[in-house]
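**Student:** got a predicted model here, sequence first, then my questions.
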Amino acid sequence: MERERAARGRLRRLRLERPLIYPEGDPEAVTITSEDLTRLRPNEFLNDSVIDLMMKRLQQRIAGRPGAKRFHFFSSFFYQKLCQNGGGGGAGAGGGEGAGEGVGQAAHKRVRRWTSKV
């Protein structure tokens, strides 16, 4: 209990002077701000930046290990784009993209560039 209270206090005081970019120099780097760090407090929801940071760290940790090529990490925005309506709006099951096109085909069309090198 005391440990949790101390961790909460450290998170409350944590402020970044400038955004954190991880990994530095990577074209697919994730940017984290002080506001993103507040999402690590108890009873807060994580945001896409925090989730992407943790996925990027996991990706970096397994790189070069046996079997690492079996895994691919997409941004947290991948699923949102996959499920997006044809009109560019909310998250539905797809549809509205092309006459006679199946839902799966329309969804693949929205993310095909994301998967081209997988």
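**Tutor:** Now that the structure is in, tell me what you want to look at.
**Student:** count of neighbours near residue 22?
**Tutor:** Counted with other C-beta atoms under 10 Å, residues neighbouring residue 22 total 14. Using the backbone N, CA and C atoms, a C-beta is placed for each residue, glycine as well.
**Student:** and it, what does it touch?
**Tutor:** 29, 30, 32, 53, 56, 57 (C-beta atoms under 8 Å, 6 or more residues apart in numbering).
**Student:** what's opposite it in the beta bridge?
**Tutor:** Taking DSSP bridges as the rule, residue 22 bridges to residue 30.
**Student:** any idea how far it lies from residue 48?
**Tutor:** 14 Å (C-beta to C-beta, to the nearest Å).
**Student:** tell me which element residue 16 is part of?
**Tutor:** If you go by DSSP states H and E, residue 16 is not part of any helix or strand.
**Student:** wait, it sits on residue 34?
**Tutor:** Yes - look at residue 16 against residue 34 with C-beta atoms under 8 Å: they come within range, at 4.7 Å.
**Student:** hey, what's in contact with both of the two?
**Tutor:** In terms of C-beta under 8 Å, 6+ apart, residue 16 and residue 34 are not both contacted by any residue.
**Student:** just the endpoints, please. Distance across stretch 21-28?
**Tutor:** One end of stretch 21-28 to the other measures 10 Å (C-alpha to C-alpha, to the nearest Å).
**Student:** picking that back up, restricted to buried residues, select the contacts of residue 22 in PyMOL.
**Tutor:** Remark: buried members of those, expressed as a PyMOL selection using 16 or more other C-beta atoms under 10 Å:
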select buried, resi 30+32+53+56
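**Student:** let's have the contacts of residue 22 in TSV, adding distance to residue 68 and pLDDT.
**Tutor:** Shown next, in TSV, are these (distance: C-beta to C-beta, whole Å; pLDDT from 0 to 100):
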residue	distance to residue 68	pLDDT
29	19	92
30	19	94
32	24	95
53	19	94
56	14	93
57	14	93
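**Student:** many thanks, have a good one.
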